[in-house]
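> attaching a predicted model along with its sequence, questions to come.
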Amino acid sequence: ETGVTQSPTHLIKTRGQQVTLRCSSQSGHNTVSWYQQALGQGPQFIFQYYREEENGRGNFPPRFSGLQFPNYSSELNVNALELDDSALYLCASSLEGQGARNTEAFFGQGTRLTVV
Amino acid sequence: SQQGEEDPQALSIQEGENATMNCSYKTSINNLQWYRQNSGRGLVHLILIRSNEREKHSGRLRVTLDTSKKSSSLLITASRAADTASYFCATGQNSGYSTLTFGKGTMLLVSP
């Protein structure tokens, strides 16, 4: 158990809809990163939130957006869903800044999103 | 884009045997982390090795890092059926923010 929780665990949406996925970070961690994992692939970095601001972004379009709250939990929002958005969405919690370097990232169990 | 490439893509062994997985990467790194994933669920952190370290142990796991060859290996000794999973290496970079770049993974099957 990493202490990182994601909800929901499974979700089915229709193409064109919007979806919100949630992540609670591990106690003591201040950073949440989101990853998309397509079937048979490794996770791909979507973006990272640190101190409630987007701190870095991978190669994903603007319809992928996020939020981080004062308690360091986070949301991933995807608008105008496409069939190719079907994937496992993982959030990772870590401690960044404050002199912390080379720290482990701990992952939640993921949300399996299916777009039909 | 995927920086790390694991080799082999799939590995099948018997319980009690050792399993070795390799990872190669392309750019300079701060650290390299290995993860395990069971049945498409969350990633379990196994071990982190820093760029200035060459070898690290954790229980039945041994990780090596060769930054001159941009490669790492994960050795699981005395494997068990419960070790059956996909294993990913992830390189950690720090370019203003830290992120992990994953390979496609090695699928390990340990038969009783």
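Cool, got the structure.
> alpha carbons only for contacts and neighbour counts from here, please
Fine.
> can you tell me which strand in chain B is longest?
strand B:85-94 (DSSP state E).
> after that one, next one along is what?
Next along the chain after strand B:85-94, taking DSSP states H and E as the criterion, comes strand B:98-102.
> neighbouring strands of that following strand in the sheet, and parallel or not?
Next to strand B:98-102 in the sheet, as set by DSSP bridges, lie strand B:85-94 (antiparallel).
> tell me what A:S93 is bridged to.
Here A:S93, judged by DSSP bridges, has bridge partners A:V32, A:F106.
> can you check B:F102 too?
Here B:F102, judged by DSSP bridges, has bridge partners B:A90.
> for the one 4 residues further on, same thing?
Judged by DSSP bridges, the bridge partners of B:T106 are B:Y87.
> find the nearest non-adjacent residue to the residue of chain A found nearest chain B, please.
Distances between chain A and chain B by CA to the nearest CA are smallest at A:Q109, namely 3.7 Å. Counting by CA to CA, 6 or more residues apart in numbering or on different chains, the nearest residue to A:Q109 once its immediate chain neighbours are dropped is B:G42, at 3.7 Å.
> so how many other residues sit close to that neighbour?
24 (other CA atoms under 10 Å in any protein chain shown).
> for the residue most central in space within chain A, give me its contacts.
Nearest to the mean C-alpha position of chain A, by CA atoms, centre = their mean, lies A:W34 at 2.7 Å. A:W34 sits next to A:F45, A:I46, A:F47, A:Q48, A:L76, A:Y89, A:L90, A:C91, A:A92 when contact means CA atoms under 8 Å, 6 or more residues apart in numbering or on different chains.
> now intersect the residues you listed with the strands, please.
Cross-referencing the contacts of A:W34 against strands under DSSP E gives A:F45, A:I46, A:F47, A:Q48, A:L76, A:Y89, A:L90, A:C91, A:A92.
> in chain A, which segments are predicted with low confidence?
Within chain A, the stretches with pLDDT under 70 are A:1-2, A:97-102.
> near chain B, which residues of it?
Counting by CA under 8 Å from any CA of the partner chain, chain A comes close to chain B at A:33, A:40-45, A:48, A:55-56, A:88, A:90, A:96, A:102, A:104-110.
> return the helix or strand where B:C23 lies as PDB; C-alpha atoms alone will do.
Assigning secondary structure by DSSP H and E places B:C23 in strand B:19-24. Extracted C-alpha coordinates of strand B:19-24, given in PDB (Å, rounded to 0.1, in the frame of the first residue of the first chain):
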ATOM      1  CA  ALA B  19      15.600 -13.500 -13.700                       C
ATOM      2  CA  THR B  20      17.600 -10.800 -15.300                       C
ATOM      3  CA  MET B  21      16.000  -7.800 -17.100                       C
ATOM      4  CA  ASN B  22      18.000  -5.100 -18.900                       C
ATOM      5  CA  CYS B  23      17.200  -1.400 -19.600                       C
ATOM      6  CA  SER B  24      18.800   1.000 -21.900                       C
END
